[in-house]
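[1] Need coordinates for the following:
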Amino acid sequence: MKKSIVLAAFFTAVLGKAQNTTHNEFKYLEYDIQKIQSLYKGQKTTVKEVVEAYLKRINDVDKNGVKLNSIITVNPDAVRIADSLDHIGSKFKDKPLFGIPVLLKDNIDTRDKMPNTAGSLALKNSFPLQDSYLVKKLREAGAVIIGKTNLSEWANFRGMKSTSGWSGLGGLTKNPYILDRNTCGSSAGSGAAISANLGIVAIGTETNGSIVCPSSINGIVGLKPTVGLISRQGIIPISSTQDTPGPMARTVKDVAISLGTMVGEDKNDVKTFGNTPFLHKDYTPFLNLKGLKGKRLGYVKGITNGASKKVDELFLQTLKVLESQGAVMVEIEKDLLSGEVYEKSLELMIDEYKDGINDYLASLGKNAPVKNIDELIAFNKNNKEELKYFGQEYLEMAAKSKGTKEEGYAKAVKTAQEGSREKGIDLAMKKYNLDAVISPTTTEAWKTDLKNGDHYTFGSADAAAIAGYPSITLTMGYIDGLPVGILFSAEKWSEGKLINMAYTFEQVSPQRKVPQFLKE
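    Below is the predicted model:
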């Protein structure tokens, strides 16, 4: 397997000398899946032309110009793949993602010339032996995977006081709205890249907030599915209990289209077994304007607990918009989760992390650059670049654990799941007869601080994340030029209902603004 071709070398060879251009002079600015595909059907462009345009934009905006730094690797075969799609049978051109430029978070396996790194220098030359399940599904749906996005290293579960959007291999991703602001993690590069129009769709991953937080802070739509709706096979793991991939895009419709292409039962992921999750393989029928009428939406007044008065005010204004569309607002008691649930969630994550990392590294075969979690820790200790900003406490805690054989593991899982499900979301939904729980997703982006780590003050992803239940975020407004999202969460397998509500809100109150890459 040849080494991945780095961006600079690739673009020098394929596109010639890099040129800085005005950041939003882009032919396909804010295009969505339908609009791109309509060009194909009308024979107004080719897949090759579209892919080349997005690769050039990555060069102009990400590696040069404002240097957003959201992409770790481009696919050196992207243009060749695009060209092959232009010469394929007409039947395949009806596929839902035909010719769509898709980006993957750099912890998702692809069997090609792109490594899968988790942002770690230890894995910079790590080439998986096969495509992950979801990548197979994306390719079958006609997608062109044009690159891998930067992330908070090891999905933001390497060490304490980390800075979201930074990895030893990829460096720091910038926020496309105001460049010195954070992108949140861990799917930071995915959020920033899609917001900056470097692709149409990105696939992120979440254990707790890692899809919805960067989606909110970067002004896009992000859906975290029920755990088990999409296979995790071939994804560098943290927690088998909480991990899930999910789509990130600029519109709810693109999220819905993308989601349907990836669902399915996979023999390599027990969480996907059974028929219930896959009653819907097409989520576009939920894209109608009846999603809010009569819906009972539970919320906690002043939910940020003083973390942001401006966010509270914006959220209360948003409640009026929801009411205008026929939704019924229901004020609920504070704290869906107890402190013990948070504690046990962290405990199970540590235990599952050890087994997950070791199993993943074993899947790389005899050429794996590091063979287990102990070798990874040793590598980091011997590499100044890796530990120059923060440590690897979570890796070290996991290494000392007995994994899922740890004495308290089963109890931790039981306590976390009961506390977030039967005593958390399910209880609130039943007690107040709710269709969904809503809240601000998080605050506006904070200034990036590599020395002291994230200045994260509030987020509402926890309940759905720990329960393994779905949630979707989209922009509800802006504070000081920075986007802030609203989060819809509900019971397991309720993706269709959440998409319906989010789509209605998006259509009656469109908030998406193209980022301007401001310096301050």
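[2] Distance check, residue 204 against residue 211.
    4 Å (Cβ to Cβ, to the nearest Å). All C-beta atoms are positioned from the backbone trio N, CA, C, and that covers glycine.
[3] overlap in contacts of those two?
    When contacts are counted by Cβ atoms under 8 Å, 6 or more residues apart in numbering, residue 204 and residue 211 are jointly contacted by 187, 222, 246, 248.
[4] residue boundaries of the helices in the stretch 151-300 of the chain?
    Assigned by DSSP state H, counting those that start in this stretch, the helices in the stretch 151-300 of the chain fall at 153-156, 188-195, 212-217, 252-262.
[5] got CSV for these, with mean pLDDT and mean neighbour count too?
    Formatted as CSV, these follow (pLDDT from 0 to 100; neighbours: other Cβ atoms under 10 Å):
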stretch, mean pLDDT, mean neighbour count
helix 153-156, 98, 29
helix 188-195, 99, 34
helix 212-217, 98, 35
helix 252-262, 98, 25
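[6] Show me where the protein dips below the pLDDT cut-off.
    Applying pLDDT under 70 to the chain picks out residues 1-21.
[7] Beta-bridge partners for the most centrally placed residue in it, please?
    Nearest residue to the geometric centre of the chain (Cα atoms, centre = their mean): residue 204, 2.7 Å. With DSSP bridges as the criterion, residue 204 is bridged to residue 246.
[8] Next, work out how far apart it and residue 427 are.
    Residue 204 is 29 Å from residue 427, by Cβ to Cβ.
[9] try residue 123
    In terms of Cβ to Cβ, residue 123 sits 41 Å off from residue 427.
[10] Please say which of these two ends up with more neighbours.
    Using other Cβ atoms under 10 Å, the more surrounded residue of residue 123 and residue 427 is residue 123, with 25 against 14.
[11] now the strands for this protein?
    Ranges of strands within the chain are 71-74, 101-105, 144-149, 166-167, 171-172, 201-206, 221-224, 244-249, 296-299, 328-331, 436-440, 471-479, 482-489, based on DSSP state E.
[12] how close does residue 342 get to residue 359?
    Residue 342 sits 26 Å away from residue 359 when distances are taken as Cβ to Cβ.
[13] So these two - more neighbours on which side?
    Applying other Cβ under 10 Å to residue 342 and residue 359 shows that residue 342 carries more neighbours, namely 16 against 13.
[14] quick one, what contacts that one?
    By Cβ under 8 Å, 6+ apart, the neighbours of residue 342 are 462, 466.
[15] hmm, back to that, what would the strands of the chain look like in a markdown table with distance to residue 61?
    Shown next, in a markdown table, are the strands of the chain (distance: least, Cβ to Cβ, whole Å):
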| stretch | distance to residue 61 |
| --- | --- |
| strand 71-74 | 10 |
| strand 101-105 | 13 |
| strand 144-149 | 13 |
| strand 166-167 | 19 |
| strand 171-172 | 15 |
| strand 201-206 | 15 |
| strand 221-224 | 21 |
| strand 244-249 | 18 |
| strand 296-299 | 37 |
| strand 328-331 | 40 |
| strand 436-440 | 29 |
| strand 471-479 | 21 |
| strand 482-489 | 18 |
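[16] Out of those, which one sits most buried?
    Compared across those, strand 221-224 shows the largest average neighbour count, a mean of 32 (mean count of other Cβ atoms under 10 Å).
[17] could you dump that one to CSV, C-alpha only?
    The C-alpha coordinates for strand 221-224 follow below in CSV (Å, rounded to 0.1, in the frame of the first residue of the first chain):
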residue,chain,number,x,y,z
VAL,A,221,-27.3,20.3,10.7
GLY,A,222,-26.0,17.2,12.5
LEU,A,223,-27.9,14.0,13.4
LYS,A,224,-26.7,11.5,16.0
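[18] of all the helices of the stretch 151-300 of the chain, which lies closest to residue 497?
    helix 252-262 (12.0 Å; Cβ to Cβ).
[19] Need the residues that contact that closest one.
    Contacts of helix 252-262 (Cβ under 8 Å, 6+ apart): 32-34, 96-97, 102, 134, 137-138, 140-141, 143, 200-201, 203, 221-223, 225, 229-230, 245-249, 280-284, 286-287, 472, 474, 495, 499, 502-503, 506.
[20] one more time with 6 Å
    32-33, 96-97, 134, 137, 141, 201, 221, 223, 230, 247, 249, 281-284, 287, 499, 502-503, 506 (Cβ atoms under 6 Å, 6 or more residues apart in numbering).
[21] Likewise for stretch 232-239?
    The contact list for stretch 232-239 (Cβ under 6 Å, 6+ apart) reads 107-109, 118, 132-133, 155, 157, 205, 207, 243, 266, 268-269, 349, 352-353, 356, 360.
[22] Distance from the longest helix along the chain to the middle of the chain?
    Scanning the chain for the longest helix, with DSSP state H as the assignment, gives helix 339-363. Mean-position distance between helix 339-363 and its chain equals 19 Å (Cα atoms, centre = their mean, to the nearest Å).
[23] Residue 51 is in contact with residue 78, isn't it?
    Yes. Between residue 51 and residue 78 there is a contact under Cβ atoms under 6 Å: 5.4 Å.
[24] still on that earlier bit, of the helices of the stretch 151-300 of the chain, which approaches residue 70 most closely?
    Comparing the helices of the stretch 151-300 of the chain under Cβ to Cβ, the one sitting nearest is helix 188-195, at 4.1 Å.
[25] Tell me which other helices or strands the closest one touches.
    For helix 188-195, the helices and strands in contact under the criterion 3 or more Cβ pairs under 6 Å, 6 or more residues apart in numbering; DSSP states H and E are strand 144-149, strand 201-206, helix 212-217.
[26] which among the contacts of stretch 232-239 end up buried?
    With burial judged by 16 or more other Cβ atoms under 10 Å, the buried subset of the contacts of stretch 232-239 is 107-109, 118, 132-133, 155, 157, 205, 207, 243, 266, 269, 349, 352-353, 356, 360.
[27] Count the residues that sit near the residue lying closest to residue 387 once chain neighbours are set aside.
    The spatial neighbour of residue 387 that comes closest, neighbours along the chain excluded (Cβ to Cβ, 6 or more residues apart in numbering), is residue 380 at 5.8 Å. By the criterion of other Cβ under 10 Å, residue 380 has 25 neighbours.
[28] Kind regards, and thank you for your time.
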